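*Asks:* this one's structure only:
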């Protein structure tokens with residue numbers, strides 16, 4: 001399905017994301033990769049990517065989606081968010097000709113995943129919402145070969161394309177960047193509510209498995225009040241069993257003069273989330289065994305004990321049941 005509205009004189013509105021960019025013929029949207037060509041919106045980066053890598057699935061981060069398996073990861077150029085702290089700004093803000101980068105068809109991506117025994121393919125590094133057609137075509141082909149698909153996304157997408165996009169995704173890590181419109185407006189040049197709407201939709205109305213990530217920037221989105229409000233919203237709207245990762249910030253892009261996140265900040269948020277009632281909470285980038293471990297929501301024993309991405313102990317059976325009490329761990333195993 002094509003998500004656009006043709007206006008007049010070759011002027012067309014892109015309807016993929018809430019920006020709804022109105023573009024003259026030849027003009028590019030905010031994301032820089034969706035372009036009006038003779039009255040139709042095209043994806044200028046289809047088939048091009050900035051590199052492929054084989055990662056542990058935990059790096060996405062997904063801690064309860066086929067743990068310890070390999071994932072073939074790739075992304076393209078551009079982004080529909082304007083994050084001033086972007087950790088991948090060299091590619092998301094890159095306005096180079098995509099033809100200067102790698103050309104890899106969906107068929108080639110599937111072939112590489114099979115060749116390297118990857119359980120899944122991840123659309124990551126920049127937001128797959130903007131390379132919608134490339135991601136979906138790849139996902140469709142992955143399913144034919146039994147390969148799972150993963151979207152690492154901001155969730156800043158309109159409802160109709162979200163229905164199509166997430167119907168082809170087996171898992172997603174949705175980046176909830178903060179729980180304040182002030183933060184989203186000032187630091188992401190975007191809006192919070194569409195992201196919350198996406199999270200509710202994907203968690204409650206699709207078969208796509210979801211984990212959430214919030215990167216904490218001290219003095220911006222790490223107050224006790226904001227963390228409590230975020231965790232309470234998660235509990236009330238999608239329940240206690242969705243994993244939540246608090247990750248550390250590294251000075252990058254226009255926030256290169258800020259200080260990195262202290263582990264104590266992550267630990268404080270971790271404890272708040274647990275006190276609110278979320279069953280699966282993690283810290284990322286700065287981590288230790290305690291805050292990397294998956295605990296059984298019933299008996300509270302460590303069922304997947306990690307140090308970061310390193311697996312130390314696995315106490316689940318093949319169906320994901322706790323070996324201590326038999327309770328099912330939420331996720332895909």
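*Replies:* That came in fine, so what should we check first? It should be emphasised that the depicted structure is a prediction, and the values quoted were computed from it without experimental measurement.

*Asks:* any idea of the pLDDT on residue 99?
*Replies:* Residue 99 carries a pLDDT value of 87.

*Asks:* quick one: it is in a helix?
*Replies:* Yes. Per DSSP: H, G, I helix; E, B strand; the rest coil, residue 99 lies within a helix segment.

*Asks:* Need the phi and psi values for the nearest residue to it once chain neighbours are set aside.
*Replies:* Excluding its sequence neighbours, the residue lying closest to residue 99 (CB to CB, 6 or more residues apart in numbering) is residue 48, at 6.8 Å. To be clear about C-beta, it is placed using only N, CA and C from the backbone, and glycine gets the same treatment. With angles defined as degrees, to the nearest 10, residue 48 sits at phi -110, psi 140.

*Asks:* Test my guess that residue 255 contacts residue 217.
*Replies:* Yes. With contact defined as CB atoms under 8 Å, residue 255 reaches residue 217; the gap is 7.1 Å.

*Asks:* out of those two, which sits in the busier spot?
*Replies:* Taking neighbours as other CB atoms under 10 Å, residue 255 and residue 217 compare with residue 217 leading, 23 against 19.

*Asks:* Let me see the domain layout of the chain.
*Replies:* 1-44, 45-287, 289-333 (automatic domain parsing).

*Asks:* With respect to burial, which of those domains scores highest?
*Replies:* Compared across the domains of the chain, domain 45-287 shows the largest average neighbour count, a mean of 19 (mean count of other CB atoms under 10 Å).

*Asks:* Just grab the bridge partners of the residue nearest to residue 99 for me.
*Replies:* Per DSSP bridges, the residues bridged to residue 48 are residue 103.

*Asks:* Let me see the contact set for it.
*Replies:* By CB atoms under 8 Å, 6 or more residues apart in numbering, the contact set of residue 48 is 76-77, 98-99, 101-104.

*Asks:* now, which of these sits nearest residue 186?
*Replies:* Nearest to residue 186, judged by CB to CB, of these is residue 77 at 24.6 Å.

*Asks:* per-residue confidence for that closest one?
*Replies:* pLDDT at residue 77 comes out at 96.

*Asks:* what's the answer for the one 3 residues further on, then?
*Replies:* The predicted local distance difference test score for residue 80 is 97.

*Asks:* Residue 223 now?
*Replies:* Reported pLDDT for residue 223: 98.

*Asks:* ditto for residue 301
*Replies:* The model reports residue 301 with a pLDDT of 98.

*Asks:* contacting residues for the nearest residue to it once chain neighbours are set aside?
*Replies:* The spatially closest residue to residue 301, leaving aside those adjacent along the chain, is residue 324, at 4.6 Å (CB to CB, 6+ apart). With contact taken as CB under 8 Å, 6+ apart, residue 324 is in contact with 296, 299, 301, 303, 315.

*Asks:* try 7 Å
*Replies:* 296, 299, 301, 315 (CB atoms under 7 Å, 6 or more residues apart in numbering).

*Asks:* Now distance to residue 34 too, for those residues, in TSV please.
*Replies:* Shown next, in TSV, are the contacts of residue 324 (distance: CB to CB, whole Å):
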residue	distance to residue 34
296	44
299	49
301	48
315	46
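
*Asks:* now, the most widely separated pair of the residues you listed?
*Replies:* Spatial extent of these (CB to CB) is set by the pair 299 and 315 at 10.4 Å.
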